[in-house]
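A.B. asks: Here's my sequence, what's the structure:
(chains A and B)
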Amino acid sequence: MKEEITQKSFLFFSSSWEPAADIYEDEREIKIVVDAAGVDPERLQITLEGRTLEIIGERSAPLQANLLRIHQMEIDYGHFSRRIQLPVPVVFERSQSIYKYGFLVIILPKKPRDEVIRISVEAE
Amino acid sequence: MPPNVNLALSENSDVPNELGVLPVTGIVLFPGMAVPILVGKDRSKKLIDEALVGEKLIIVVALREQTAEDPQPKDLYNVGTVSQILKKIVLPNETYQILIRGLKKVSIFSFVQTDPYLRGKILMLEENLEKDKETEAMALNIVKLFQKVVELSPLPPELSLAAMNVEEPSQLISLVASNLNVSVEEKQQILEITNLKQSLEKITILLNQQIEKLELGAQIQKRIQEGLSQRQKEFFLREQLKEIQKELGEGDERTVGVAELRRRIEEANLPAEAKTVAEKELDRLSKMPPAAAEYTVSRTYIDWILDLPWSILTEDNFDLERAEQILNEDHYNLERVKRRILEFLAVRKLRKESRGPIFCFVGPPGVGKTSLGQSIARTLGRKFVRLSLGGIRDEAEIRGHRRTYVGALPGRIIQGLKKAGARNPVFMLDEVDKIGADFRGDPASALLEVLDPEQNHSFSDHYLEIPFDLSKVMFITTANLLETIPLPLRDRMEVLELPGYTEEEKIEIARKYLLPRQMEEHGLKGDDLVIEDEALNLIITSYTREAGVRNLDREIAALCRGAASQIAQGKRENVRISKEDLHLFLGPEKYIPEIKARTWGPGLATGLAWTPTGGEIIFIEAAKMTGDNKLPLTGHLGEVMKESATASLSYIRSKAQQFGISADFFKSHDIHLHVPAGATPKDGPSAGVAMFCALLSLVTGRSVRQDIAMTGEITLRGDILPVGGIKEKVLAAKRAGIHTVILPQLNRKDLEEIPESIRKDMTFRFVQRMEEVVEIAFAPQNEETKLV
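C.D. replies: Presented below is the predicted three-dimensional model:
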């Protein structure tokens, strides 16, 4: 049997991986849960640009020393980046993030409606 | 933002200068691209396992030949890609599925190991990735082209988005090159190019080629689809039509047509043979698509079979009294013909099956041959069909064309029967003496079958190819001349001659038939137009010269027009035309009696001739001059007439002494005989007597009586033989104002044809011998009469 590619037409440019994420919404907040096990929380970067939230980090492979053989290797390692479109406007300044049991939880308070800026037009 | 691949590599910057080599088929891995690969061979699995516990790096190189089973260094390209193994899963069949990512182009400069797997020494390829405005523009262009390719080909649309998001031109090259549908060889070429600009150029070229191919393919596809959908549309519409018709209980167009024809075949009461043929043809038709060229041909053929009156007979009316009445209503006199027709009806009445004769009416134009046929049809209560054979030259006109010819039709006989709608019409074949014949065949011979009662019960038309029974048809032919009818054809017909009319008859015909009809046609009533007898007489003698009444009819029509215009203009209430008025309506007299136009003297005699248009008088002129016994004959004379002239002269010479001619007269004289008018061809023996008289008159110097006309054939021994056309000749003499006619003794019986009214005005002198002619024609000098 020859070595061959299985899905020829899915040749996407790929240099990093994307962790899975869930997005929840309640009365006051948007909560984002990212599957980021094995990631060093110190090296996580979370930025917001417009409505797009970007999470960048890196996962390094553990237990690499003195191996005889790797039988299975399914977990994504290395640099990752995940962009998420937020469903509603949020107040990023008051956001919180918690890393616990391998999950990264980001809590983003929703922007209240009355904070909409009104500009009054004066007639000359 | 995806990080730079080179950066990723530089992070684990220590790429060993010796790595395991994984040969792959059908793919060239470009830096930055991740590809899942199935690994089945033991040696390759070993390579993967050993690489995984180390740096997780391998060299991926494409094979030159896809088929190489156990690849050796020579089967591989020299340039490959350092790749990182990202994942490894073992499938149930022990095959490894690995995900690898290309990092950097390398060149393998030597192999250090071939067993258990290939291992090579590598050198990083230094790439010139310098960017400027030009590379930017080229990259932009490539994105656009690639988007077009994605649009036209079955590649996932996400790819065009991905291409847009790539920022580094080198990455763009990787993405586009990986997804281009080109050969491994060409992809390898791109991989081996280390200059950014060059690889951009190469990609652009390949993309353009790709687009061209795809567009062409798309066009072809579109055309095929359009064609298909058009046909599909038609199909759907037809199916719908069928459904609608089924719903309405109509059946589809074609089956309706076929069913209709089948019904007509059943109802047509066809003879067995025709029915079989029609059904067979219908069977063929029902299996044919209506668009086939043969369809119409087949359909027309069936229509023809169905349209023919195979079994339709009109009932004959044998009421003899009524028949006589009708014949008299339509035609004046013609006693002999009428009598023959009544006889025919009488026989038919007694024995229905008797085969009727085929009549041939022979006579000059305008004597009513055709209308007599119509009267017969009216008498019998049969349909009337008329077919003019004049000028027909093609046998196919009679018997039809074979069905294999385009536009083939049955012959005129079958067409006529279709028109008649019954198979026992009176079928008139006009101008049977004027049938032509040429290379296309001889229609007269085709007519033989039609007119033969022994054969025509199964007349076979080339088009129909089924025999049709013509035996119930009553054929009547007409002709002006009997002589030009081919003998076998003449033999099949009973000839009934319709001689020309006398002046008295013409007056009667004008009064009873022509004038009332023309007055009606011109909208004149009762007393609007009255033509006096004398005027009518003058029209007949001085405005027409014919055996029939066609020109008389025309002149009467002219009078009616004149009268109508005068009445319409209000100039007169009614018009009465006397002899003196005629020139106002008809112009000057057109004919002057010949006899009045001539000077008279020795060497002249009046003969009588028969022509197809009736009789005429002719003058024989003879002149003598010094010479040596020659006899020039002029006047467009035929052989028989010339011989007749020579015989006359010989008779005179043989009896010279008896006629008191000096013996050496002929030695010293030439005699010229001329028969005007010189342009009209003349032939026949009947002018013998007249030529004899002219010659004798010339040599003896005694004039022939001017008021005598003569006809008769002569023999060298001085006997006089009978001739034809007596009635016409006598009438011609009367028209010319001559009241005494010398006729051969044996023609005495023919006088019966001449009406009593004419006979009592004329003197007939019957002769058997030349001596008798001399006695009558050469009156004593003192008794010579001058004509008024």
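A.B. asks: need the contact list for the closest residue to B:Val143 other than its chain neighbours.
C.D. replies: Spatial nearest neighbour of B:Val143, excluding adjacent residues (C-beta to C-beta, 6 or more residues apart in numbering or on different chains): B:Ala163 at 5.1 Å. For every residue, glycine as well, the C-beta is placed using N, CA and C. By C-beta atoms under 8 Å, 6 or more residues apart in numbering or on different chains, the contact set of B:Ala163 is B:Ile142, B:Val143, B:Phe146, B:Gln147, B:Val150, B:Leu172, B:Leu175, B:Val176.
A.B. asks: What helix or strand is B:Ala163 located in?
C.D. replies: helix B:158-165 (DSSP states H and E).
A.B. asks: Go through that helix and flag the buried ones.
C.D. replies: Residues B:Leu159, B:Ser160, B:Ala162, B:Ala163 are the ones in helix B:158-165 that count as buried (16 or more other C-beta atoms under 10 Å in any protein chain shown).
A.B. asks: Mind jotting down where the helices sit in the stretch 301-450 of chain B?
C.D. replies: B:320-330, B:335-350, B:369-380, B:395-399, B:412-420, B:443-451 (DSSP state H, counting those that start in this stretch).
A.B. asks: Averaged pLDDT, the fourth one. What do you get?
C.D. replies: Per-residue pLDDT values across helix B:395-399 average out to 84.
A.B. asks: what's it packed up against?
C.D. replies: Judged by 3 or more C-beta pairs under 8 Å, 6 or more residues apart in numbering or on different chains; DSSP states H and E, the packing partners of helix B:395-399 are helix B:412-420, helix B:443-451.
A.B. asks: give me the low-pLDDT residue ranges for the stretch 651-788 of chain B?
C.D. replies: B:678-679, B:779-788 (pLDDT under 70).
A.B. asks: Can you name the residue of it nearest to chain A?
C.D. replies: Residue of the stretch 651-788 of chain B nearest chain A, by C-beta to the nearest C-beta: B:Pro681 (101.9 Å).
A.B. asks: Look up the closest residue to that residue, ignoring the ones flanking it.
C.D. replies: Here the residue nearest B:Pro681, using C-beta to C-beta, 6+ apart, is B:His636, at 4.8 Å.
A.B. asks: can you map out the helices along chain A?
C.D. replies: Using DSSP state H, chain A contains no helices.
A.B. asks: Now do the strands in it.
C.D. replies: Ranges of strands in chain A, per DSSP state E, are A:4-5, A:21-25, A:29-35, A:45-49, A:52-59, A:78-85, A:96-100, A:103-109.
A.B. asks: Quick one: residues contacting B:Ile100.
C.D. replies: B:Ile100 neighbours (C-beta under 8 Å, 6+ apart): B:Leu29, B:Ala34, B:Val35, B:Ile37, B:Ile58, B:Val60, B:Ser83, B:Gln84, B:Ile85, B:Leu86.
A.B. asks: Please parse chain B into its domains.
C.D. replies: Per automatic domain parsing, the structural domains of chain B span B:5-124, B:253-307, B:320-497, B:503-586, B:594-783.
A.B. asks: Might you list the low-confidence residue ranges for chain A?
C.D. replies: For chain A (pLDDT under 70), the answer is A:1-15, A:113-118, A:124.
A.B. asks: wait, I meant the stretch 1-150 of chain B
C.D. replies: Answering for the stretch 1-150 of chain B: the residues below the bar, that is pLDDT under 70, span B:1-14, B:66-68.
A.B. asks: Which single residue in the stretch 151-300 of chain B comes nearest to chain A?
C.D. replies: B:Ser178 (4.2 Å).
A.B. asks: Next: chain B.
C.D. replies: B:Gly40 (2.9 Å).
A.B. asks: Go through stretch B:51-67 and flag the buried ones.
C.D. replies: Buried-residue list, stretch B:51-67, by 16+ other C-beta under 10 Å: B:Ala51, B:Leu52, B:Lys56, B:Leu57, B:Ile58, B:Ile59, B:Val60, B:Val61, B:Ala62, B:Leu63, B:Arg64.
A.B. asks: can I get those in CSV with distance to chain A and secondary structure?
C.D. replies: Below are the buried residues of stretch B:51-67 laid out as CSV (distance: C-beta to the nearest C-beta, whole Å; DSSP: H, G, I helix; E, B strand; the rest coil):
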residue, distance to chain A, secondary structure
B:Ala51, 9, helix
B:Leu52, 4, helix
B:Lys56, 9, coil
B:Leu57, 13, strand
B:Ile58, 11, strand
B:Ile59, 13, strand
B:Val60, 9, strand
B:Val61, 11, strand
B:Ala62, 11, strand
B:Leu63, 9, strand
B:Arg64, 14, coil
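A.B. asks: Just the closest of those residues to B:Glu397, please.
C.D. replies: The shortest approach to B:Glu397 among the buried residues of stretch B:51-67 belongs to B:Arg64, at 83.3 Å (C-beta to C-beta).
A.B. asks: rewinding a little: max pairwise distance over the buried residues of helix B:158-165: which two?
C.D. replies: The widest separation within those (C-beta to C-beta) is 7.3 Å, between B:Ser160 and B:Ala162.
A.B. asks: was I right about B:Thr370 contacting B:Arg386?
C.D. replies: Yes. The pair B:Thr370 and B:Arg386 qualifies as a contact (C-beta atoms under 8 Å) at a distance of 6.8 Å.
A.B. asks: Overlap in contacts, those two.
C.D. replies: B:Met428, B:Asp430.
A.B. asks: Enumerate every residue touching residue 80.
C.D. replies: All of this refers to chain A. Contacts of A:Phe80 by C-beta under 8 Å, 6+ apart are A:Ser16, A:Trp17, A:Glu18, A:Pro19, A:Ile56, A:Gly57, A:Glu58, A:Arg59.
A.B. asks: My question was about chain B, not that one.
C.D. replies: Contacts of B:Gly80 by C-beta under 8 Å, 6+ apart are B:Val21, B:Leu29, B:Ile59, B:Val60, B:Val61, B:Ala62, B:Lys105, B:Val106, B:Ser107, B:Ile108.
A.B. asks: same thing but 6 Å
C.D. replies: For B:Gly80, the contact set (C-beta atoms under 6 Å, 6 or more residues apart in numbering or on different chains) comprises B:Ile59, B:Val60, B:Val61, B:Val106.
A.B. asks: Output these as CSV; include the columns distance to B:Ile435.
C.D. replies: Shown next, in CSV, are the contacts of B:Gly80 (distance: C-beta to C-beta, whole Å):
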residue, distance to B:Ile435
B:Ile59, 104
B:Val60, 100
B:Val61, 99
B:Val106, 105
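A.B. asks: for these, which one is nearest A:Val88?
C.D. replies: Checking these one by one against A:Val88 (C-beta to C-beta), the nearest turns out to be B:Val60, at 45.8 Å.
A.B. asks: so how far is A:Val121 from that closest one?
C.D. replies: 65 Å (C-beta to C-beta, to the nearest Å).
A.B. asks: Please apply the same query to B:Pro499.
C.D. replies: 125 Å.
A.B. asks: Who's the closest spatial neighbour of A:Gln96, skipping the chain neighbours?
C.D. replies: Nearest one to A:Gln96, counting by C-beta to C-beta, 6+ apart, is A:Ile107 at 4.6 Å.
A.B. asks: Done for today, thanks.
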